[in-house]
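> Got a sequence here, can you build the structure:
(one chain, ligands or ions: 1)
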Amino acid sequence: MKSFCRDTWVEVDLDAIRANLETFKRHLPEKTDIMAVVKADGYGHGAVHVGKEALASGADSLAVALLDEALILRRAGITAPILVLGYTPVESIVTASELEVELTAYSVEWITEANDILQKNDHKPVGIHVKTDTGMGRLGVRTKEDLLAVVGALEECSKLKWTGIFTHFACADEPDTTHVRRQHDLFQSFLQALREANKKLPTVHCCNTAAAIAFPDWGYDTIRLGIGLYGLYPSLYMKERADVILTPALALKTRIAHVKKADEPFTVSYGATHTAQPDEWIATLPIGYADGYSRLLSNRGEVLYNGTRYPIAGRVCMDQIMVSLNSTEAAVNDEVVLYGKQGDEEISLDEIADLLGTINYEVPCMLNYRIPRLYLRDQKVTDVFHPLTMKHSSHENVNI
Ligand SMILES: Cc1ncc(COP(=O)(O)O)c(C=O)c1O
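Prediction:
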């Protein structure tokens with residue numbers, strides 16, 4: 001049996017993941033570790049595969065947004081430290097204890113309650129990173145007083161260990177550094193207040209990809225590397241700086257399901273917004289908005305066929321799209337690249353993000369469970385994971 005039955009797939013180049021991680025290692029001070037951020041299923045690339053590759057390439061720990069995401073990593077046999085960056089309902093502290101996963105906290109009440117819950121059945125202690133809000137306005141303590149209260153509460157808890165302190169930058173990817181510098185100054189003053197209160201600082205971290213590129217000296221003990229790990233830049237401004245060269249890891253590909261040449265004009269797709277003209281070739285591709293290929297690309301997106309760009313003809317359907325190949329003849333099963341390189345041409349995730357009016361982060365995150373992920377090393381498929389059928393299979397069955 002084939003490992004997937006529709007020829008639409010994502011390729012993730014594990015060599016690119018490794019190269020990007022090593023690029024950041026070289027860019028950062030030697031003492032600074034890397035926490036690989038694999039939330040949202042590794043930004044759509046696959047958290048388990050990316051997490052394992054990052055750890056094998058020199059990352060020291062992983063970060064996710066939800067405890068459920070950490071569970072998937074542990075089930076896959078990953079034993080490295082994992083931090084949950086987001087809010088975790090206090091009852092889930094038991095799961096964190098069982099999984100040996102660290103959580104983020106920023107309130108005395110949550111800390112006290114979590115400790116009580118763990119004490120009741122003598123669960124193992126849980127590591128806690130204290131989040132400070134220095135200008136993101138999302139999660140975290142906002143004053144020195146609150147910070148000292150939270151740390152003081154943690155020190156009272158036998159079942160919680162204070163293992164980290166961090167903040168998150170809102171504008172580190174912008175040319176104007178006023179906001180990020182203000183946030184960093186405040187973070188430093190928080191650290192200073194802790195030192196003055198004779199607290200021994202645990203793992204300190206503040207940099208995301210953008211801050212790690214722009215301010216490597218702010219790496220402290222570790223950075224939280226997300227988008228850069230996947231070979232994407234946090235903003236076009238960051239891409240232009242070009243002092244850190246990254247390799248995109250993801251490509252989205254498919255094969256022509258049907259192709260026809262217009263003998264006379266006919267309309268294409270819902271709403272009949274494209275009319276094929278005589279001698280125009282129209283190819284039908286088996287991917288649609290239900291896969292995460294946005295309907296906003298209707299009549300706007302392009303694909304690569306034989307290394308040349310061709311436009312989406314008509315509206316993106318739920319499971320299919322049509323492409324105008326102009327006068328180029330094509331055959332069923334021919335490969336088409338939706339995102340990535342073919343020949344000398346490339347359709348980057350930045351280009352798609354621009355068409356969609358969003359950021360590159362969102363584009364791979366949209367690619368969902370209907371699309372199998374193929375993992376490549378040395379240009380060869382080494383593993384296949386199809387989230388829809390939840391099956392790993394060997395690469396022998398893959399027809400690429
Ligand atoms: C708290 C936190 N840290 C780190 C990251 C990684 O950011 P980036 O992908 O820009 O490197 C994120 C991502 O949004 C985050 O929410």
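> which non-adjacent residue is nearest Phe385?
Taking CB to CB, 6 or more residues apart in numbering, and ignoring the residues beside it in sequence, Phe385 has Arg373 as its nearest neighbour in space, at 4.9 Å. Where you see a C-beta, it was placed from the backbone N, CA and C, and this is true even at glycine.
> Test my guess that Ala47 contacts Val64.
Yes. Ala47 lies in contact with Val64 (CB atoms under 8 Å); the separation is 7.1 Å.
> Now the common contact residues for those two.
By the contact definition CB atoms under 8 Å, 6 or more residues apart in numbering, Ala47 and Val64 are jointly contacted by 38-39, 73.
> Name the nearest of these relative to the ligand.
The ligand has its nearest neighbour among those in Lys39, at 6.9 Å by CB to the nearest ligand atom.
> Distance check, the closest one against Ile227.
For Lys39, the distance to Ile227 equals 11 Å [CB to CB, to the nearest Å].
> Comparing the two, which shows the higher neighbour count?
Ile227 (24 against 19; other CB atoms under 10 Å).
> Next up, the contacts around that one.
43, 208-209, 233-234, 360-361.
> taking the residues you listed one by one, which sit in helices?
The subset of the contacts of Ile227 located in helices under the criterion DSSP state H comprises 43, 209.
> restrict the contacts of Ile227 to those near the ligand?
Here is what survives when the contacts of Ile227 are matched to the ligand using CB under 6 Å from any ligand atom: 208-209, 234.
> Most neighbours among these, which one is it?
Of all the ones next to the ligand among the contacts of Ile227, the highest neighbour tally under other CB under 10 Å goes to Thr209, namely 27 neighbours.
> quick one: contacts for it?
225-229, 233-234, 238.
> What are the boundaries of the helices in the stretch 251-400 of the chain?
Taking DSSP state H, counting those that start in this stretch as the criterion, the stretch 251-400 of the chain contains helices spanning 349-356, 362-366.
> would you list those in TSV and tack on mean neighbour count?
Listed next are the helices of the stretch 251-400 of the chain as TSV, based on neighbours: other CB atoms under 10 Å:
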stretch	mean neighbour count
helix 349-356	18
helix 362-366	21
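> quick one, what contacts Val94?
Going by CB under 8 Å, 6+ apart, Val94 touches 117-118, 121, 123.
> and if you look at Leu232?
246, 248, 349-350, 360-361 are the contacts of Leu232 under CB under 8 Å, 6+ apart.
> Asp350 now?
By CB under 8 Å, 6+ apart, the contact set of Asp350 is 232-233, 236, 239, 360.
> got a list of what the closest residue to Ser324 other than its chain neighbours touches?
On the basis of CB to CB, 6+ apart, the spatially nearest residue to Ser324 that is not a chain neighbour turns out to be Ala313, at 4.1 Å. Taking CB under 8 Å, 6+ apart as the contact definition, Ala313 lies against 268-269, 274, 276, 282, 299, 322-324.
> Those, buried ones only, as a PyMOL selection?
Selecting only the buried members of the contacts of Ala313 in PyMOL, with burial defined as 16 or more other CB atoms under 10 Å, works like this:
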select buried, resi 268+269+274+276+282+299+322+323+324
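> Domain-wise, how is the chain divided?
Here the chain is described, according to automatic domain parsing, as comprising the domains 14-229, 250-397.
> follow-up on the earlier one: Throw the contacts of Ile227 into JSON lines and include distance to Ala153 and pLDDT, thanks.
Supplementary listing: the contacts of Ile227 in JSON lines, determined by distance: CB to CB, whole Å; pLDDT from 0 to 100:
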{"residue": "Tyr43", "distance to Ala153": "34", "pLDDT": "98"}
{"residue": "Asn208", "distance to Ala153": "27", "pLDDT": "98"}
{"residue": "Thr209", "distance to Ala153": "32", "pLDDT": "98"}
{"residue": "Tyr233", "distance to Ala153": "39", "pLDDT": "98"}
{"residue": "Pro234", "distance to Ala153": "34", "pLDDT": "98"}
{"residue": "Asn360", "distance to Ala153": "39", "pLDDT": "98"}
{"residue": "Tyr361", "distance to Ala153": "34", "pLDDT": "98"}
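> Can you add distance to Gly307 and give the contacts of Ile227 back as a markdown table?
Written out in a markdown table, the entries for the contacts of Ile227 read as follows (distance: CB to CB, whole Å):
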| residue | distance to Gly307 |
| --- | --- |
| Tyr43 | 27 |
| Asn208 | 35 |
| Thr209 | 31 |
| Tyr233 | 25 |
| Pro234 | 29 |
| Asn360 | 23 |
| Tyr361 | 28 |
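> so which two of the contacts of Ile227 are the farthest from each other?
Asn208 and Asn360 (14.1 Å; CB to CB).
> My understanding was that Leu349 contacts Glu362; is that so?
No. The pair Leu349 / Glu362 is not scored as a contact, 9.2 Å apart, by CB under 8 Å.
> Burial check on the closest residue to Asp344 other than its chain neighbours, number of neighbours?
Nearest residue to Asp344, sequence neighbours excluded (CB to CB, 6+ apart): Gly307, at 6.2 Å. When neighbours are counted by other CB under 10 Å, Gly307 registers 11.
> quick one, phi psi at Gly307?
Geometry field for Gly307 lists phi and psi as phi 80, psi 10, criterion degrees, to the nearest 10.
> show me what contacts it?
By CB under 8 Å, 6+ apart, the residues touching Gly307 are 342-345.
> ditto for Gly231
Residues counted as contacts of Gly231 (CB under 8 Å, 6+ apart) are 16-17, 20, 246-250.
> Tell me where the stretch 251-400 of the chain has strands.
Listed in chain order, the strands found in the stretch 251-400 of the chain under DSSP state E, counting those that start in this stretch are 258-261, 266-268, 274-276, 281-285, 302-305, 308-311, 321-324, 335-342, 345-347, 373-377, 380-386, 391-393.
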